[in-house]
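Undergrad: this one's structure only:
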């Protein structure tokens with residue numbers, strides 16, 4: 001007698017006696033027969049209980065775990081389930097064993113009830129039940145395929161599969177909060193949970209290992225946000241004696257492998273490249289969605305003589321006016337966008353920091369507005385605006401203005417994404433983009449001082465390193481981000497390998513020598529023993545998996561994620577620890593304030 005999982009039997013097994021184990025997912029009593037869909041991670045099979053075995057099966061409940069033995073029979077044609085790989089057959093049960101009973105589940109697990117899906121908070125509380133649902137099983141299997149594809153890819157290319165420490169030295173001075181772990185042996189001292197393998201993978205390159213990767217657990221004490229977790233997983237790599245081109249090429253081939261093996265899609269490489277400066281100027285973002293090409297265009301110069309007071313005052317105050325045209329097939333009443341949606345965009349623009357937003361549309365070869373007086377106030381500027389934007393019949397144009405170009409670009413970039421997604425005309429399903437040469441420093445618009453823009457370990461470009469002492473805001477780093485459909489998948493860089501330069505950059509980041517030695521002295525010492533030119537990248541596995549599944553919710557692709565409040569709903573952590581234990585084991589004492 002053969003054993004099968006619940007998703008494997010088919011017409012080729014008709015007449016055979018088999019045994020299968022699983023959960024009683026869907027139970028229907030038709031009088032003389034009892035039908036149960038027996039489910040496991042592989043699928044489901046319809047079991048049929050009749051005669052004496054039915055009396056025994058009548059005591060079964062939802063999610064009881066049973067072992068059933070019987071004969072595979074062909075279903076009646078009008079009862080076949082074309083949506084199920086086992087849907088042409090059923091198992092007539094001769095004997096069964098109840099392995100485990102179950103309480104009544106707090107929510108439905110079957111696909112037919114998807115429209116009645118329980119809220120996320122309840123599903124996170126009973127995550128072990130939620131993971132039995134077919135969509136969640138699909139998510140788990142997708143993540144498994146991605147991870148396996150990545151491992152095989154790196155193994156075949158001679159990368160060593162290694163692990164760096166999770167308990168490391170706290171380096172809060174770099175700007176991000178770390179999760180602290182008190183030491184019981186060294187009372188009053190703390191470890192930090194590694195935010196990334198950054199420091200130790202660089203030290204690994206110092207040791208002489210030239211190619212490494214790991215599927216790394218990373219921890220960060222984030223503020224609660226919809227798309228963030230306290231712990232996440234990244235595909236991490238680092239190589240010596242190679243440049244950006246090699247690392248980016250390696251990552252592109254990795255994604256070719258992942259897409260082909262995980263979802264059966266052939267990717268086109270190489271990916272598009274764009275400098276950080278161009279991305280912000282043309283798309284208002286360092287992670288632009290390139291599925292649609294709509295650029296942000298500066299039209300300040302085209303508005304000479306304009307009578308529209310809102311824009312006129314901004315221009316006279318040496319501000320900026322920028323615009324975007326969208327192919328909306330708008331006829332003045334309806335189209336891909338409508339008036340109500342554009343009014344919502346005006347409200348959204350205010351949330352993004354603008355005082356307002358002007359929207360126009362092209363009809364009959366002319367620019368129109370609501371009210372029409374806005375379009376009339378454009379005067380001779382109308383033709384220049386249409387020409388500068390390349391606006392066509394049915395296009396909707398948005399115009400934003402502000403004294404701060406940074407605020408204006410950021411707002412227009414967010415509006416571009418919101419409106420572009422609504423229009424829904426994409427040049428491709430997956431638009432990868434490399435954003436290169438991030439600034440090491442940015443000018444604070446209030447103080448006028450150069451402030452750190454990213455982490456202090458990125459090497460400056462050769463063409464801009466000369467500005468470190470005179471104009472640090474002009475210094476570009478050898479940093480590169482990989483963006484997919486407007487989402488950052490990962491970040492990488494060529495690292496600083498000169499201990500003197502590393503100390504200098506840290507000073508420019510606002511750390512004095514005492515803080516540098518206290519937090520990074522061990523690292524700078526390691527750099528002093530012969531460090532190769534090296535670089536690498538970290539890619540967010542949770543985000544990659546979600547995007548391949550067409551989802552924005554990364555929690556659905558983490559086995560036991562934290563809630564929106566960063567609580568672990570299954571075990572109710574974080575939880576309190578007794579004052580007695582804290583004092584005795586760790587020498588800690590909390591006082592109420």
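TA: Received it, and whenever you're ready, just let me know what you need. Every value quoted in this text rests on a predicted model; they were computed, and no experiment measured them. Numbers count the residues shown, from 1 in each chain.
Undergrad: List the buried residues of stretch 448-461.
TA: Across stretch 448-461, burial judged by 16 or more other CB atoms under 10 Å covers 450, 452, 453, 454, 455, 456, 457, 458, 459, 460, 461. Where C-beta positions appear, they are placed from N, C-alpha and C, glycine not excepted.
Undergrad: Please flag which of the residues you listed sit within strands.
TA: Using DSSP state E, the members of those that fall in strands are 450, 452.
Undergrad: now the buried residues of stretch 448-461 in CSV, with distance to residue 370?
TA: Formatted as CSV, the buried residues of stretch 448-461 follow (distance: CB to CB, whole Å):
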residue, distance to residue 370
450, 44
452, 45
453, 41
454, 43
455, 47
456, 50
457, 52
458, 48
459, 52
460, 50
461, 48
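Undergrad: my guess is residue 507 meets residue 517, correct?
TA: No - using CB atoms under 8 Å, residue 507 makes no contact with residue 517, being 11.7 Å away.
Undergrad: Residue 169 and residue 560, how far apart?
TA: Counting by CB to CB, to the nearest Å, the gap from residue 169 to residue 560 is 28 Å.
Undergrad: brain fart, residue 586
TA: 26 Å.
Undergrad: which of these two has more neighbours?
TA: Legend: neighbour count by other CB atoms under 10 Å for residue 586 and residue 560, higher for residue 586 (19 against 14).
Undergrad: wait, doesn't the more buried one sit right on residue 183?
TA: Yes - if you go by CB under 8 Å, residue 586 and residue 183 touch, sitting 7.4 Å apart.
Undergrad: what's residue 288 sitting at in phi/psi?
TA: phi -70, psi 150 (degrees, to the nearest 10).
Undergrad: er, residue 232 actually
TA: When read as degrees, to the nearest 10, the backbone of residue 232 gives phi -150, psi 170.
Undergrad: Mind listing the residues bridging to it?
TA: As for beta bridges, residue 232 partners with residue 218 under DSSP bridges.
Undergrad: Could you check the pLDDT of residue 114?
TA: pLDDT for residue 114: 57.
Undergrad: What pLDDT does the model give residue 227?
TA: For residue 227, pLDDT reads 76.
Undergrad: Excluding residues flanking it in the chain, which one is nearest it?
TA: Computed as CB to CB, 6 or more residues apart in numbering, the closest residue to residue 227 that is not its neighbour in sequence is residue 554, at 6.4 Å.
Undergrad: right, and the one you found touches residue 547 too?
TA: No - assessed by CB under 8 Å, residue 554 is found out of contact with residue 547, at 9.3 Å.
Undergrad: more crowded one of those two?
TA: More crowded of residue 554 and residue 547, by other CB under 10 Å: residue 554, with 21 against 18.
Undergrad: so what's that one up against?
TA: 227, 229, 232, 542, 543, 545, 546, 561 (CB atoms under 8 Å, 6 or more residues apart in numbering).
Undergrad: Residue 352: which of those is nearest?
TA: Checking these against residue 352 by CB to CB gives residue 227 as the nearest, at 17.6 Å.
Undergrad: could the buried residues of stretch 448-461 go into JSON lines alongside pLDDT?
TA: Output for the buried residues of stretch 448-461, formatted as JSON lines (pLDDT from 0 to 100):
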{"residue": "450", "pLDDT": "75"}
{"residue": "452", "pLDDT": "81"}
{"residue": "453", "pLDDT": "85"}
{"residue": "454", "pLDDT": "82"}
{"residue": "455", "pLDDT": "85"}
{"residue": "456", "pLDDT": "92"}
{"residue": "457", "pLDDT": "95"}
{"residue": "458", "pLDDT": "96"}
{"residue": "459", "pLDDT": "97"}
{"residue": "460", "pLDDT": "97"}
{"residue": "461", "pLDDT": "97"}
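Undergrad: Distance-wise, check the spatially closest residue to residue 408 that is not a sequence neighbour relative to residue 300.
TA: Excluding its sequence neighbours, the residue lying closest to residue 408 (CB to CB, 6+ apart) is residue 402, at 4.0 Å. Applying CB to CB, the value for residue 402 to residue 300 is 11 Å.
Undergrad: quick one, which of those two is more surrounded?
TA: Counted by other CB under 10 Å, residue 402 and residue 300 do not tie: residue 402 has more neighbours, with 20 against 17.
Undergrad: Is the more buried one bridged to anything, and to what?
TA: For residue 402, the beta-bridge partners are residue 320 (DSSP bridges).
Undergrad: Does it touch residue 354 like I think?
TA: Yes - taking CB under 8 Å as the definition, residue 402 is a contact partner of residue 354 at 6.0 Å.
Undergrad: what's the overlap in contacts for these two?
TA: With CB under 8 Å, 6+ apart, residue 402 and residue 354 have common neighbours 408, 411.
Undergrad: Where does the prediction get shaky in this protein?
TA: 1, 111-115, 173-175, 593 (pLDDT under 70).
Undergrad: Got the domain ranges for it?
TA: Domains of the chain are assigned by automatic domain parsing as 2-100, 292-425, 499-527.
Undergrad: right, so of those, which gets closest to residue 271?
TA: Per CB to CB, nearest to residue 271 of those: domain 292-425, 15.7 Å.
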